[in-house]
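**Student:** Everything below, folded, please.
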Amino acid sequence: MSTRTAFLKGHGTENDFVIIPDPDNAIELPPAAVAALCDRRAGIGGDGVLHVVRSAAHPDARHLADRAEWFMDYRNGDGSIAEMCGNGVRVFARYLQHAGHVGEGDLAVATRGGVKTVHIAKAEAGGEITVGMGKALLPEGDVTVSVADHQWPALNVNMGNPHAVAFVDDLSEAGTLYEPPLFRPASAYPHGVNVEFVVDRGPRHVAMRVHERGAGETRSCGTGTCAVAVAAARRDGVDPAVTGAPVTYTVDVPGGRLVITERPDSEIEMTGPAVIVAEGEFVSEWLETAIP
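**Tutor:** Numbering: from 1, shown residues only. Now for the predicted structure:
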């Protein structure tokens, strides 16, 4: 007998996701199933899957259940598990609002990168969503990234997931980004890395392209924009923890624009749009035949 599973599709600055509501954690999502769902030709299509589970129902989040009711069990497009996804958190929050689980205002979302604070603005204020992304860590050591014959020094920034931020003269120098850019030393990123290529657009205004590990080039990367804003601030000689004043950078991505603020307590806030675009069902037989 055919069974049907509900899904939705959403995006944040065109970083798009398949959303699987599963409050009781009853749906198995092995890597091959996630990859099939994210396949843009034979599946639904997306950069990743947002598995929506109550924290108390998931073994990876039970210890956070007293702080956040909902857990974002995030998977990359290739099926691998990721610690965090900044655009994903905004879309996750928008889904919770869409489904009537939460309203405008503040909520907490559990992730493998910790509990994230989220604010959903009123519709008359634009309805954008702000996510408290935590603090950036800046591991010591020199890092370089390279594409074809180009090589650049990069800043190692960890936003709960690893990033290498390189400032370039032109975004075209990053090439097609079909394959992961090379990096050195290998020990800097034993589990792979998201690589951002950045150019200046104006005072405290930059643009970027990104290769996300497990997904390839994406139209946007929330944690990546935070890493880029921190890297740009340090390059510009600005550290809010030292100056005592917040600093804000506008970061353009191929899919839109995000605004990143680093506060004097080193906490980083990301503000941007999140949209639910469709909802439907897929049948179990399709997914079974789609998995190799």
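**Student:** where in the stretch 1-150 of the chain is pLDDT low?
**Tutor:** Along the stretch 1-150 of the chain, segments meeting pLDDT under 70 span 1.
**Student:** go again using 90 as the cut-off
**Tutor:** Where the stretch 1-150 of the chain drops to pLDDT under 90, the residues are 1-3, 82-86, 113, 123-126, 149.
**Student:** could you pull out the helices for it?
**Tutor:** Remark: helices assigned in the stretch 1-150 of the chain by DSSP state H, counting those that start in this stretch are 31-38, 86-98.
**Student:** Distance-wise, check G202 relative to I81.
**Tutor:** From G202 across to I81, the span is 37 Å (C-beta to C-beta, to the nearest Å). All C-beta atoms are positioned from the backbone trio N, CA, C, and that covers glycine.
**Student:** Quick one: closest of the helices of the stretch 1-150 of the chain to E179.
**Tutor:** Evaluated over the helices of the stretch 1-150 of the chain, closeness to E179 peaks at helix 31-38, with 17.5 Å, by C-beta to C-beta.
**Student:** in the closest one, what counts as buried?
**Tutor:** Across helix 31-38, burial judged by 16 or more other C-beta atoms under 10 Å covers 33-38.
**Student:** circling back to that earlier point, could you redo the helices of the stretch 1-150 of the chain as TSV and give each row distance to A154?
**Tutor:** Converted to TSV, the helices of the stretch 1-150 of the chain look like this (distance: least, C-beta to C-beta, whole Å):
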stretch	distance to A154
helix 31-38	27
helix 86-98	19
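**Student:** V118: which of those is closest?
**Tutor:** Nearest to V118, of the helices of the stretch 1-150 of the chain and by C-beta to C-beta, is helix 86-98 at 4.7 Å.
**Student:** gap between the closest one and the chain center?
**Tutor:** Here the centre of helix 86-98 is set off from its chain's centre by 11 Å, with C-alpha atoms, centre = their mean, to the nearest Å.
**Student:** can I get the CA coordinates of it in CSV?
**Tutor:** The C-alpha trace of helix 86-98 is given here as CSV (Å, rounded to 0.1, in the frame of the first residue of the first chain):
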residue,chain,number,x,y,z
GLY,A,86,22.0,30.0,8.9
ASN,A,87,19.5,30.3,6.1
GLY,A,88,18.0,27.0,7.1
VAL,A,89,17.3,28.3,10.6
ARG,A,90,15.3,31.3,9.1
VAL,A,91,13.3,29.0,6.8
PHE,A,92,12.8,26.5,9.7
ALA,A,93,11.4,29.3,11.8
ARG,A,94,9.2,30.5,8.9
TYR,A,95,7.8,26.9,8.6
LEU,A,96,7.0,26.9,12.4
GLN,A,97,5.1,30.1,11.9
HIS,A,98,3.4,28.9,8.7
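**Student:** beta partners of the closest residue to G214 other than its chain neighbours?
**Tutor:** Distances taken as C-beta to C-beta, 6 or more residues apart in numbering place N76 nearest to G214, at 3.2 Å, with adjacent residues excluded. Here N76 sits in beta bridges with G48, going by DSSP bridges.
**Student:** how many neighbours does N76 have?
**Tutor:** Neighbour count for N76, taken as other C-beta atoms under 10 Å: 22.
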